[in-house]
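Asks: Take this sequence and fold it.
(one chain, ligands or ions: 1)
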Amino acid sequence: MERLLKLNRLMPRWKVLESRSRFLMFVLEGTTESFVRVLLRIMTEEVPTIAIHEVVIETNSSFLSDSFLAQRLRFIPLTSDLANLMYYSTECPNCNGRGYCHLCSVEFRLSAKCVAGDVTSKDLVTSNPSVLPFDFFDPTGTAIVKLKPGEELTLKAIARKGIGKDHIKWSPLAATSAKYFCPSDIRINEELMETLTLEQKKQWVASYPTDLFQVDPQTQKVVLCRPGNGYHNMPLNPEARGVIEVFEKKDTFVFTVETTGALKASQLLMNALAILKRKLLSFRVLEDHFLDHDLAGIDKLDSEN
Ligand SMILES: [Zn+2]
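Replies: Residues are numbered from 1 along each chain as shown. Presented below is the predicted three-dimensional model:
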């Protein structure tokens, strides 16, 4: 029972503060920084996505080299809702790990010649309509190369499932987009604040970030605003010591993530939590097995020594 309580303590309460397609801000309460780091690492390195892994250039008379083109293609995020249902190519039972069947790969074709303007991600033709460049329906798409009249580019690209731990192209997080901070809990010392004149209060309010405090026009008291989510990341201004008190909530973390577009940010969090739950469950099973089968042997060894 004690072990279960410890594991439950690791799982925090969480709520979403702001959610857009690729962006998510959420708060985790009642947990530790080590848990937050684990969650961040899972999101970055262990949630699978689909990315172009192999490129066969058939014709290339553009100014870019084959290897440079292939590199560009590998880093175009592909919609990866299907990733959880796909096999890793090396584990695919349908093609014996070769990595070319519909259960473990998606084929893209690109054929462009003498076009006016850029060749973009919108020119990639997929073998699976569920797996597309993330910006396929945007007006412009991601530029791949600009062809001059008479130049030609034809290629085949194979996308496969993978994780960021194996290569950064599979990481669903935009570079350095994941951040977290312990929010501040701010209290105003009303008694001390009321010793200031109205003009001093206005000057004091103006010295802090926009909308954090305001002077109530009715009461002329300084009040704490709660714009947006109500969680602040504010260092204590030494001059304000006494007028306000700032406490860091050490067991609360405000987390923001932005994805590459391979997954919606909310889906990324769900997938990461599912992986974390599986890890905790396997840890419990392992621990139970250890206690049931091995502890007696260790006790015996201890008593012999
Ligand atoms: Zn396969």
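
Asks: Going by C-alpha atoms from here, please, whenever you check contacts or count neighbours.
Replies: Will do.

Asks: residues in contact with residue 260?
Replies: 22, 77, 172-174 (Cα atoms under 8 Å, 6 or more residues apart in numbering).

Asks: Let's see if you can find the most crowded of these.
Replies: Neighbour counts for those, by other Cα atoms under 10 Å, peak at residue 172, which reaches 30 neighbours.

Asks: pretty sure it contacts residue 262?
Replies: Yes. Contact criterion Cα atoms under 8 Å: residue 172 and residue 262 qualify, at 5.9 Å.

Asks: how about stretch 171-180: buried residues?
Replies: The neighbour-count check on stretch 171-180 (16 or more other Cα atoms under 10 Å) flags 171-174, 178, 180 as buried.

Asks: go on, stretch 202-219?
Replies: Applying 16+ other Cα under 10 Å to stretch 202-219 flags 202, 204-205, 212-215 as buried.

Asks: Please list which of the residues you listed also come close to the ion.
Replies: Among the buried residues of stretch 202-219, not one lies near the ion by Cα under 5 Å from the ion.

Asks: show me where the stretch 151-300 of the chain has helices.
Replies: 190-193, 198-206, 265-289, 295-304 (DSSP state H, counting those that start in this stretch).

Asks: If you average pLDDT over each of those, which is lowest?
Replies: Across the helices of the stretch 151-300 of the chain, helix 295-304 has the smallest mean pLDDT, namely a mean of 54.

Asks: Please state the offset of the helix or strand residue 110 falls within from the chain centre?
Replies: Residue 110 is part of strand 105-113 when elements are defined by DSSP states H and E. For strand 105-113, the distance from its own C-alpha centre to the chain's C-alpha centre is 28 Å (Cα atoms, centre = their mean, to the nearest Å).

Asks: Pull out the buried residues from it.
Replies: For strand 105-113, by 16+ other Cα under 10 Å, it's 105-110, 112-113.

Asks: Of those, which is the nearest to the ion?
Replies: residue 105 (6.6 Å; Cα to the ion).

Asks: so who does the spatially closest residue to the closest one that is not a sequence neighbour touch?
Replies: Distances taken as Cα to Cα, 6 or more residues apart in numbering place residue 160 nearest to residue 105, at 4.8 Å, with adjacent residues excluded. Taking Cα under 8 Å, 6+ apart, we find residue 160 in contact with 50-53, 88-89, 99, 104-106.

Asks: what packs against whichever helix or strand comes after the strand holding residue 110?
Replies: Next helix or strand after strand 105-113 toward the C-terminus (DSSP H and E): strand 118-120. Judged by 3 or more Cα pairs under 8 Å, 6 or more residues apart in numbering; DSSP states H and E, the packing partners of strand 118-120 are strand 143-146.

Asks: and the stretch 51-200 of the chain, which residues reach the ion?
Replies: So the stretch 51-200 of the chain meets the ion at 92, 94-95, 99, 101, 104 (Cα under 5 Å from the ion).

Asks: What about these, which one has the most neighbours?
Replies: Compared across these, residue 104 has the highest neighbour count, 26 neighbours, by other Cα under 10 Å.

Asks: ok, that residue touching residue 87?
Replies: Yes. Using Cα under 8 Å, residue 104 is in contact with residue 87, at 4.8 Å.

Asks: Overlap in contacts, the two.
Replies: What both residue 104 and residue 87 touch, as defined by Cα under 8 Å, 6+ apart, is the set residue 161.

Asks: Just the element for residue 18, please.
Replies: strand 13-19.

Asks: Packing partners of that strand?
Replies: Going by 3+ Cα pairs under 8 Å, 6+ apart, strand 13-19 lies up against strand 23-29.

Asks: mind listing what's buried in stretch 156-167?
Replies: 156-165.

Asks: can you map out the helices along the stretch 1-150 of the chain?
Replies: Along the stretch 1-150 of the chain, the segments classed as helices by DSSP H, counting those that start in this stretch run 2-10, 33-45, 66-74.

Asks: I'd like those as a markdown table, with mean pLDDT and mean neighbour count appended.
Replies: Formatted as a markdown table, the helices of the stretch 1-150 of the chain follow (pLDDT from 0 to 100; neighbours: other Cα atoms under 10 Å):
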| stretch | mean pLDDT | mean neighbour count |
| --- | --- | --- |
| helix 2-10 | 50 | 11 |
| helix 33-45 | 91 | 18 |
| helix 66-74 | 96 | 17 |
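
Asks: Indicate which one of those helices is closest to residue 224.
Replies: Among those, the nearest to residue 224 by Cα to Cα is helix 33-45 (27.1 Å).

Asks: Report the inter-axis angle for that closest one versus helix 265-289.
Replies: 120 degrees (axes from the mean of the first three to the mean of the last three Cα atoms, to 10 degrees).

Asks: Dump helix 33-45 to PDB, keeping only the CA atoms.
Replies: What follows is helix 33-45, C-alpha atoms only, in PDB (Å, rounded to 0.1, in the frame of the first residue of the first chain):
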ATOM      1  CA  GLU A  33      10.400  18.700 -10.800                       C
ATOM      2  CA  SER A  34      11.800  15.300 -11.500                       C
ATOM      3  CA  PHE A  35       8.400  14.200 -12.700                       C
ATOM      4  CA  VAL A  36       8.200  17.200 -14.900                       C
ATOM      5  CA  ARG A  37      11.600  16.400 -16.400                       C
ATOM      6  CA  VAL A  38      10.500  12.900 -17.100                       C
ATOM      7  CA  LEU A  39       7.300  14.100 -18.800                       C
ATOM      8  CA  LEU A  40       9.400  16.500 -20.900                       C
ATOM      9  CA  ARG A  41      11.800  13.800 -21.900                       C
ATOM     10  CA  ILE A  42       9.000  11.500 -22.900                       C
ATOM     11  CA  MET A  43       7.400  14.200 -25.000                       C
ATOM     12  CA  THR A  44      10.700  15.000 -26.700                       C
ATOM     13  CA  GLU A  45      12.200  11.600 -27.200                       C
END
